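[1] need a 3D model of the sequence below.
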Amino acid sequence: MQPTVSVVIPNYNYAKTLRLCLESVFDQEYPLHEVIVADDNSTDASREIAAEFPCTVLHLNPNGGVSAARNAAVAASSGDILFFLDSDETIAPDAVAEAVRLLTEDPGLGCVHGVFAPEPLIDDGPVEWYRTLHAHHWRTKALGETSTVIFVATAMPRRVFDEVGGFDTTLRDAEDVEYSDRLSAKYRILLTDRIVARHDEESRMGRMLRESFRRSQFLVPFGAAHRRKEGALRVNTTGGVATAMLTLVTLPLVAAGPWWALAPLAALTGFAFSDPGLLGVVRRHRGPRFLPFFFLCHLLVNMTIGLGALWGVVRMVFTDFGTPTARRRPEPARLGGETG
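    Below is the predicted model of the structure:
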């Protein structure tokens, strides 16, 4: 008998992409047992859009974050395999079939997760292309067994989820890293390009940098130890962040004279070579004219990550930021209305 699959989709104010997401889910080659959308108290048209499809819609109230939404959806599901998908993503028609095939062929796998296509789900401009190409690159260069799971088109047997436990609902960022530590301690994790998703990335520079700053504050309390594990995924290289920060620090030396300008130039050169293959991916998919803009975005993002990580250290020193939290089991749905 084929294992049954429950597709789990947390959602908060993604009316822009939710219909595309659900269309891709109901276009799957593999027959689905159920699709559950956990709407985290959206204020847009998300619920109305979800109601257009034959899925179960959980109305969560109050807003509890992506971890709480995923836990609620899992608690309401009954499939043998859980397939996690965010509402700003779509999946290829064979994505669920490939995930099931990989998990059934290798019972020792605790989880399989996929990669992003190099093209954005919705083309909203050059910043989004930067984000999409970078996300495509760092995932595809790390294909194979890993100690990290990023919940992008991710499938795991229910028995594994029940054993490892639910997502930590105190975390709205770095929840993937925290979950990876628990999962990889017991099971193998596979990153595969047999599962492909398309993602609607942030398209505005200011919001992209603010998001990078917010998330990078968790690098030290949550990410640093995990990055040292064998096979851990790294979104940005340590060398890239270090040389970007060195460029920022030495940039004022330009005013001291031409010889002093060699310092930031050397740091910038080191940054350009900190992630081999990245610029080649950009050139291949967008052409050489896009390279200067991509390089500038990547430099600013890595500078922002460095500043965010430093601020995270300051918060750790003077507050309880980063204190280990209790490992949460799946919670029941907190419903604010009918399920449909």
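
[2] Ile150: what's it in contact with?
    His113, Arg139, Asp176, Leu233 (CB atoms under 8 Å, 6 or more residues apart in numbering). Where you see a C-beta, it was placed from the backbone N, CA and C, and this is true even at glycine.

[3] nearest residue to the second one in space, please, no chain neighbours.
    What it means is Arg139. The shortest distance from Arg139 to any non-neighbouring residue, by CB to CB, 6 or more residues apart in numbering, is to Val115 (4.3 Å).

[4] who touches the helix or strand harbouring the one you found?
    Using DSSP states H and E, the element containing Val115 is strand 109-116. Contacts to strand 109-116, defined as CB under 8 Å, 6+ apart, come from residues 91, 95, 99, 102-103, 132, 135-136, 139-140, 143, 149-157, 160, 164, 183, 186-199.

[5] how about 7 Å then?
    95, 99, 102-103, 132, 135-136, 139-140, 149-156, 160, 183, 186-193, 195-199 (CB atoms under 7 Å, 6 or more residues apart in numbering).

[6] by residue count, what's the longest strand in this protein?
    strand 188-199 (DSSP state E).

[7] any buried residues in the next helix or strand after that strand, and which?
    Following strand 188-199 in sequence order, the next helix or strand is helix 205-216 (DSSP H and E). Neighbour counts using 16 or more other CB atoms under 10 Å place Met205, Met208, Leu209, Glu211, Ser212, Phe213, Arg215, Ser216 of helix 205-216 among the buried residues.

[8] setting aside sequence neighbours, what's the nearest residue to the first one?
    What sits nearest to Met205 in space, not counting adjacent residues and going by CB to CB, 6+ apart, is Val127, at 5.4 Å.

[9] does the one you found lie in a helix or a strand, and which?
    Val127 belongs to helix 126-140, assigned by DSSP H and E.

[10] how about the helix or strand following that helix: buried residues?
    Downstream of helix 126-140, the next assigned helix or strand under DSSP H and E is strand 144-146. Of the residues in strand 144-146, Thr146 count as buried by neighbour count, 16+ other CB under 10 Å.

[11] who are the packing partners of strand 144-146?
    strand 188-199 (3 or more CB pairs under 7 Å, 6 or more residues apart in numbering; DSSP states H and E).

[12] distance to Val249 and neighbour count for the contacts of Ile150 - can I get that in TSV?
    Conversion of those to TSV gives the following (distance: CB to CB, whole Å; neighbours: other CB atoms under 10 Å):
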residue	distance to Val249	neighbour count
His113	36	25
Arg139	30	21
Asp176	31	22
Leu233	28	22
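
[13] and of those residues, the nearest to Ser67?
    Asp176 (9.8 Å; CB to CB).

[14] am I right that the closest one sits in a helix?
    Yes. The assignment for Asp176 (DSSP: H, G, I helix; E, B strand; the rest coil) places it in a helix.

[15] for the longest strand of the chain, packing partners?
    strand 89-91, helix 95-105, strand 109-116, helix 126-140, strand 144-146.

[16] now distance to Phe318 and mean pLDDT too, for those, in TSV please.
    TSV is the format used below for those (distance: least, CB to CB, whole Å; pLDDT from 0 to 100):
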stretch	distance to Phe318	mean pLDDT
strand 89-91	37	98
helix 95-105	44	97
strand 109-116	36	96
helix 126-140	32	96
strand 144-146	34	95
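
[17] okay, those in a markdown table with distance to Val220 next?
    Formatted as a markdown table, the helices and strands packed on strand 188-199 follow (distance: least, CB to CB, whole Å):
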| stretch | distance to Val220 |
| --- | --- |
| strand 89-91 | 29 |
| helix 95-105 | 33 |
| strand 109-116 | 25 |
| helix 126-140 | 20 |
| strand 144-146 | 21 |
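
[18] looking at these, which is nearest to Ala309?
    So among the helices and strands packed on strand 188-199, helix 126-140 is nearest, using CB to CB, at 17.4 Å.

[19] what sits up against the closest one?
    By CB under 7 Å, 6+ apart, helix 126-140 touches 115-120, 191, 193, 199, 201-205, 208, 235, 278, 281-282, 285-286, 293-294, 297-298.

[20] state the mean pLDDT of stretch 192-212.
    Average pLDDT, stretch 192-212: 96.

[21] out of the helices and strands packed on strand 188-199, flag the one nearest Met303.
    helix 126-140 (14.5 Å).

[22] next, the angle from that closest one to strand 109-116.
    Counting by axes from the mean of the first three to the mean of the last three CA atoms, to 10 degrees, helix 126-140 points 150 degrees away from the direction of strand 109-116.

[23] give the residue farthest from the middle of this structure.
    Gly257 (43.3 Å; CA atoms, centre = their mean).

[24] what's across from Phe83 in the sheet?
    Val7, Ala155 (DSSP bridges).

[25] that one reaches Thr4, doesn't it?
    No. Phe83 is beyond contact range of Thr4, at 10.8 Å (criterion: CB atoms under 7 Å).

[26] Cys21 sits in which helix or strand?
    Going by DSSP H and E, Cys21 is part of helix 15-25.

[27] what packs against that helix?
    By 3+ CB pairs under 7 Å, 6+ apart, helix 15-25 packs against strand 5-11, helix 46-50, strand 89-91.
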